[in-house]
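1. this is a predicted model, with the sequence first.
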Amino acid sequence: QVQLVESGGGLVQAGGSLGLSCAASGSIFSLNHMGWYRQAPEKQRELVARFTSGGITNYADSVKGRFTISRDNAKNTVYLQMNSLKPEDTAVYYCNAGDRDPYIIGVIYDYWGQGTQVTVSS
């Protein structure tokens, strides 16, 4: 089992900045992917930014140029720096990570954090 612990988030005015972090711990074999999703009220969960298995970064179009994802592999931690925040960025932000099965190639176990609220006031 892998545990994801998020920190950061909170309330900020439009145009401001916030940073999120997510640390993975537990029985980690090899993280395949790691990143951030968000879910606004009455909306589906959507990708914000992530590192793929090849180390490539993906960003939602709505956050490109404003958000930056980074990571510390030694600490199994991923960060999300959010700048120029907009009211529409208000959501619960979830950390996501996938851990490879140590014995079966291609099997990846997906894990989610508990979520952290980000609220951007206008």
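-> Noted; the coordinates are in hand.
2. what is the residue nearest to Lys43 when sequence neighbours are not counted paired to in the beta sheet?
-> Distances taken as Cβ to Cβ, 6 or more residues apart in numbering place Ala91 nearest to Lys43, at 7.8 Å, with adjacent residues excluded. Placement of C-beta: from N, CA and C, glycine included. On the basis of DSSP bridges, Ala91 is bridged to Val118.
3. tell me who's in contact with Ala91.
-> By Cβ atoms under 8 Å, 6 or more residues apart in numbering, Ala91 lies in contact with 38-40, 43, 117-118.
4. again, 7 Å this time
-> The contact partners of Ala91, by Cβ atoms under 7 Å, 6 or more residues apart in numbering, come to 38-40, 118.
5. out of everything not next to it in sequence, what's closest to the most centrally placed residue in the chain?
-> What sits nearest the mean C-alpha location of the chain, by Cα atoms, centre = their mean, is Trp36, with 1.9 Å. Distance criterion Cβ to Cβ, 6+ apart; nearest residue to Trp36, sequence neighbours excluded, is Val48 at 4.3 Å.
6. the one you found contacts Cys22, doesn't it?
-> No: using Cβ atoms under 7 Å, Val48 is not in contact with Cys22, being 11.7 Å away.
7. next, the residue lying farthest from the centre of the chain: secondary structure please.
-> Centroid-distance maximum for the chain: Tyr103 at 26.8 Å, with Cα atoms, centre = their mean. Per DSSP: H, G, I helix; E, B strand; the rest coil, the secondary structure class of Tyr103 is coil.
8. and the pLDDT for it?
-> Each residue has a pLDDT score; the one for Tyr103 is 92.
9. what's it sitting at in phi/psi?
-> The phi/psi pair for Tyr103 (degrees, to the nearest 10) reads phi -120, psi -20.
10. how close does it sit to Ile28?
-> Distance of Tyr103 to Ile28, computed by Cβ to Cβ, to the nearest Å: 15 Å.
11. ok, Val118 next?
-> Val118 sits 26 Å away from Ile28, going by Cβ to Cβ.
12. same deal with Tyr94?
-> Distance, Tyr94 to Ile28, by Cβ to Cβ: 18 Å.
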